[in-house]
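In: Generate coordinates for the sequence data below:
(chains A and B)
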Amino acid sequence: MSMRTLPLVFINLGGEMLYILDQRLRAHNTSEDNSEKGVWSENDRKRVMNDIVGTMFSKAFMDELLKPQQLYSHRTMKTVLTRLAHASIMRLNPASMDRLYELMVMAFKNQVFLCLRPKDLLLISYNHMDTIREFVKDTPMAVNQVDETHRKIIEAYSSLSEGELQLLRQTLLTFFQDMHVRVSLFLKDQIQNPNGRFALTTSGPVPHGTDVPGLIRIFDCRGREVRRREFPSGGSYTSSIREGSFELHGNRVIRLGMNMYTVDHPEETHTSRAPSVKADGSPNPLAKEELNLLARLMGSMKTENKPKDESGFRINLFNTDKEEAEAGASASAEESLYGVINIQAMQDEQAASELARIAGQFEEEEEEKPEKPSNNKGEELLAMMDDL
Amino acid sequence: MYHKEKSIQIKNSASALYNNLSVLRIAPRRLTHFTVVHANMVNMVSASWDGLNYTHRQLQSKEPNVATSTSLIMQAAFCVLPSRDLLVVTSQKGIQMYESDGSIMVYWHALDTPETPTAQAVFARGIAAVYENYICVGVSSGAILVFDVPSKGSNITLSEVLEEHKESITDMASECSGSQECIANLVTADDGGNLCVWKSGEEFQLLNKIPGFDMSCSSVKLWKGTAVAGYGTGQIRLYEAVTGILHAEINAHARWIYSVDIAPFSGLLLSAAEDSLVRVWHMTITPETNSVEVAHLHNECVTDTQICGARFCDGDGYAFAVTGYDLSEIIRYIQS
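Out: The predicted structure is shown next:
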């Protein structure tokens, strides 16, 4: 399938991640400075945004993504996105990262599923980049990085045909297949059905380049129309709307990919598993190529020196501590009904042990693989993790 | 005109791929095989006509004798030849051919994959059985591989490589099982919407090239010398294959068409798209007078589903089956 999916995957998933983090961090902004322990200030929020965007849109990381390669497993994607999130002082525990990942993926799946034509995937990506630019608008260096990346994306993708973009879209759809996690905001807006599947209407504008269905035209040997007949389309379609801009700046016209989360309703980002979804815990050993990719991506993310005296921050996402404790308990259960994202800022030792634990999982799986590749790759990865 | 019948459950959901359903009717055994692709495997269901027995089988895409390598499958299709039926599976790594019940793999052809991945994807897609003993398979480069198939055994050989298309092959179709004289018996389609029309033989002969308008033709069929093509714009076009004359143009769907199929004995046409709709049409084609007529007969909506496969289950079009992305069932419809 397509070898060009990774840049769009990270820009869009990363974009969704930033939307959610931004909403969370804004919701708890009650003081301007760090004086109150456990509260995220405006400066903290901007700092987190700048750190993550700076890492995600760094030249080294983007250049790695832009190399032609396959789209690997969710585990690899989740690991890299976790590392991206941890490029700031913010920390997410594994359960929260799982929930956050589900939310990001369901949002992107919805966008890919609903986009009217494959080329709109680029407009969706540009919508994400436009909003990310807004998040970091006070930091010229970050804005430059986003602009540079945007230019590279335009250069890499503008020449692709609709057929090639559809192949890319089909690759993404295969990646998202069978994921039906229910998201409160989607259920509320009836974008998603209670069974977790997205709503697809038979009404609305047709894609750019498509005619409204309903017409049969018959031609003679000389190409002249000799008969036309109409048929019932079974839907209520309208002509296509104007095309969005594929330039660095411009009106994208389509709304898919824009930030739909609002500050006042953090419950919008609650997720729950559809009852029939099968557990994703089945350990597929990571292929050697996947480990290579992971090593390259992790290696290309520059590390930050965190001051050692950061005190811990914790966000309470519920009205009372009791509710949070209950949710925390149930979140760890196998059949958790509602997953909530806990964002914490942890001390660096804790962060290092988190990453070591993730790396440890890879090492175990390496040993399970029947082919028994050299342990060098696993060790390199571990070493890299320890340096972070 | 049609009503919904009991669906057949499959082991996993259908992937979003063009023409993602293949049907083989085996009258002597009173059963029908269905195949649906899910990522790197093919789900095969054999349904007895009395509706009482369903046997499931799963085929993985992999090189024989290699423990772990699998690759994503692009298409699986039954190929009906005078002497035998085969199931052909095309993937990123190569082409596998099985006996039609999926029991034994009789042939494996590896695609040339570059050492370091290039931006251009590599895969095989587009499968057709061509009179008298050929199976043609398309490749992402635009090349078409012609395999010579003996009446039994596994001595299948690559007989020719046709290099006419410049863009990835999407689909291909043939007609003329030898019972009538045909000028053209194979049409091939690509991502740019271009159609090539061929006559089979020891050396395949290119009879015509019908240009596309830079819009992918995702599914194509050939009937009575007419190429019926479904496009990404949702249009269906009927071309006289050998001359390239456009006979009819239908603004059929509001989204990308994923499958067209024809019931050859009745002239019924089936089209299905990402817009969740399946449509049934009737074609009247009289080659002698060069006249073509198309009438719309019926719509079915598969709610909230982007359809990826639709096929008639018999030559008269009495029944048809449908698959959709993320759906773990084969939905069936029967004439009322």
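In: residues from the stretch 51-200 of chain A in reach of chain B?
Out: Residues of the stretch 51-200 of chain A lying near chain B by Cβ under 8 Å from any Cβ of the partner chain: A:67-70, A:113, A:116-118, A:161-164, A:166-167, A:169-171, A:173-174, A:177-178, A:180, A:193, A:197-200. Heads up, the C-betas are built off the backbone N, CA and C, glycines and all.
In: Out of those, which sit inside helices?
Out: In helices, defined here by DSSP state H, the members of these are A:F113, A:E162, A:G163, A:E164, A:Q166, A:L167, A:R169, A:Q170, A:T171, A:L173, A:T174.
In: can you give me the strands in the stretch 151-300 of chain B?
Out: B:157-163, B:169-174, B:186-190, B:195-199, B:205-210, B:217-223, B:226-231, B:235-240, B:246-251, B:257-263, B:268-273, B:277-286, B:291-301 (DSSP state E, counting those that start in this stretch).
In: Redo those strands as TSV? Include mean pLDDT, mean neighbour count and distance to chain A.
Out: Formatted as TSV, the strands of the stretch 151-300 of chain B follow (pLDDT from 0 to 100; neighbours: other Cβ atoms under 10 Å in any protein chain shown; distance: least, Cβ to the nearest Cβ, whole Å):
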stretch	mean pLDDT	mean neighbour count	distance to chain A
strand B:157-163	95	14	19
strand B:169-174	97	27	7
strand B:186-190	97	28	8
strand B:195-199	96	23	14
strand B:205-210	96	16	13
strand B:217-223	97	25	8
strand B:226-231	97	28	9
strand B:235-240	96	23	7
strand B:246-251	96	22	4
strand B:257-263	97	26	10
strand B:268-273	98	26	9
strand B:277-286	95	20	6
strand B:291-301	94	18	3
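In: Reformat those as CSV; add distance to A:R222.
Out: Output for the strands of the stretch 151-300 of chain B, formatted as CSV (distance: least, Cβ to Cβ, whole Å):
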stretch, distance to A:R222
strand B:157-163, 31
strand B:169-174, 27
strand B:186-190, 23
strand B:195-199, 20
strand B:205-210, 17
strand B:217-223, 23
strand B:226-231, 18
strand B:235-240, 13
strand B:246-251, 11
strand B:257-263, 26
strand B:268-273, 25
strand B:277-286, 18
strand B:291-301, 14
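In: Identify whichever of those strands lies nearest to B:V37.
Out: strand B:257-263 (12.3 Å; Cβ to Cβ).
In: Of the ones in helices among the residues of the stretch 51-200 of chain A next to chain B, just say which sits nearest to chain B.
Out: Nearest to chain B among these: A:G163, at 3.1 Å, using Cβ to the nearest Cβ.
In: Point out where the chain drops to low pLDDT.
Out: If you meant another chain, say so; for now it's chain A. For chain A, applying pLDDT under 70 flags the ranges A:28-40, A:262-271, A:273-288, A:302-388.
In: Sorry, I should have been clearer: chain B.
Out: Looking along chain B with the criterion set at pLDDT under 70, you get B:63-70, B:177-181.
In: let's see it at 90
Out: Residue ranges of chain B with pLDDT under 90: B:51, B:60-71, B:112-120, B:131-132, B:152-154, B:176-185, B:201-202, B:213-214, B:285-291.
In: Going along the chain, name the helices of the stretch 101-250 of chain A.
Out: Counting by DSSP state H, counting those that start in this stretch, the stretch 101-250 of chain A has helices at residues A:120-135, A:140-157, A:162-176, A:184-188.
In: tell me which residues of the first one are tucked away?
Out: This means helix A:120-135. Neighbour-count burial for helix A:120-135, counted by 16 or more other Cβ atoms under 10 Å in any protein chain shown, picks out A:120-133, A:135.
In: what's the answer for the shortest one, then?
Out: Taking 16+ other Cβ under 10 Å as the neighbour-count basis, helix A:184-188 is seen to contain the buried residues A:S184, A:L185, A:F186, A:L187.
In: List the residues that contact B:K209.
Out: Going by Cβ atoms under 8 Å, 6 or more residues apart in numbering or on different chains, B:K209 touches B:E164, B:N194, B:L195, B:C196, B:V197, B:G244.
In: these two touch, right, the fifth one and B:A227?
Out: To tie it back to what came earlier, the one meant is B:V197. Yes. Look at B:V197 against B:A227 with Cβ atoms under 8 Å: they come within range, at 6.9 Å.
In: between the two, what contacts are shared?
Out: Common neighbours of B:V197 and B:A227, counting by Cβ under 8 Å, 6+ apart, are B:V187, B:I210, B:A241.
In: May I see those residues organised as a markdown table, with distance to B:H282 added?
Out: Shown next, in a markdown table, are those (distance: Cβ to Cβ, whole Å):
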| residue | distance to B:H282 |
| --- | --- |
| B:V187 | 21 |
| B:I210 | 23 |
| B:A241 | 20 |
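In: ok, the residue in the stretch 51-200 of chain B positioned nearest to chain A - contacts?
Out: As assessed by Cβ to the nearest Cβ, chain A sits closest to B:D191 within the stretch 51-200 of chain B, at 3.1 Å. By Cβ under 8 Å, 6+ apart, B:D191 lies in contact with A:S161, A:G163, A:E164, B:E167, B:S168, B:I169, B:T170, B:S216.
In: Equivalent analysis for B:V149, please.
Out: The contact partners of B:V149, by Cβ under 8 Å, 6+ apart, come to B:L81, B:R84, B:L86, B:N133, B:Y134, B:I135, B:I156.
In: Which single one of those is nearest to B:I8?
Out: Distance to B:I8, by Cβ to Cβ, is smallest for B:L86 among the contacts of B:V149, at 22.4 Å.
In: Identify the bridge partners of that closest one.
Out: On the basis of DSSP bridges, B:L86 is bridged to B:C79, B:E99.
In: in terms of contact, does it touch B:S103 like I think?
Out: No. Using Cβ under 8 Å, B:L86 is not in contact with B:S103, being 11.7 Å away.
In: What about the residue of the stretch 201-350 of chain A found nearest chain B, how many residues nearby?
Out: Residue of the stretch 201-350 of chain A nearest chain B, by Cβ to the nearest Cβ: A:F231 (3.4 Å). For A:F231, the count of nearby residues is 19 (other Cβ atoms under 10 Å in any protein chain shown).
In: and it, backbone torsions?
Out: phi -140, psi 160 (degrees, to the nearest 10).
In: who's in contact with the residue nearest to it when sequence neighbours are not counted?
Out: Distances taken as Cβ to Cβ, 6 or more residues apart in numbering or on different chains place B:H296 nearest to A:F231, at 3.4 Å, with adjacent residues excluded. Contact analysis of B:H296 by Cβ under 8 Å, 6+ apart lists A:I216, A:R229, A:F231, A:P232, B:R279, B:V280, B:W281.
In: Take these and write them to TSV, including distance to B:S291.
Out: Putting these into TSV (distance: Cβ to Cβ, whole Å) gives the following:
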residue	distance to B:S291
A:I216	14
A:R229	15
A:F231	20
A:P232	25
B:R279	22
B:V280	21
B:W281	16
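In: still on that earlier bit, ok, and the most crowded of the ones in helices among the residues of the stretch 51-200 of chain A next to chain B?
Out: Per-residue neighbour counts (other Cβ under 10 Å) across those peak at A:L167, which has 29 neighbours.
In: and the gap between the nearest residue to B:R279 once chain neighbours are set aside and B:L297?
Out: In this structure, B:R279 finds its nearest non-sequential neighbour in B:S271, 5.0 Å apart by Cβ to Cβ, 6+ apart. As judged by Cβ to Cβ, to the nearest Å, B:S271 and B:L297 stand 11 Å apart.
In: Need the overlap of contacts for the two.
Out: Joint contacts of B:S271 and B:L297 (Cβ under 8 Å, 6+ apart) are B:W281.
In: Distance check, the residue of the stretch 51-200 of chain B closest to chain A against A:A85.
Out: Taken as Cβ to Cβ, the span from B:D191 to A:A85 is 37 Å.
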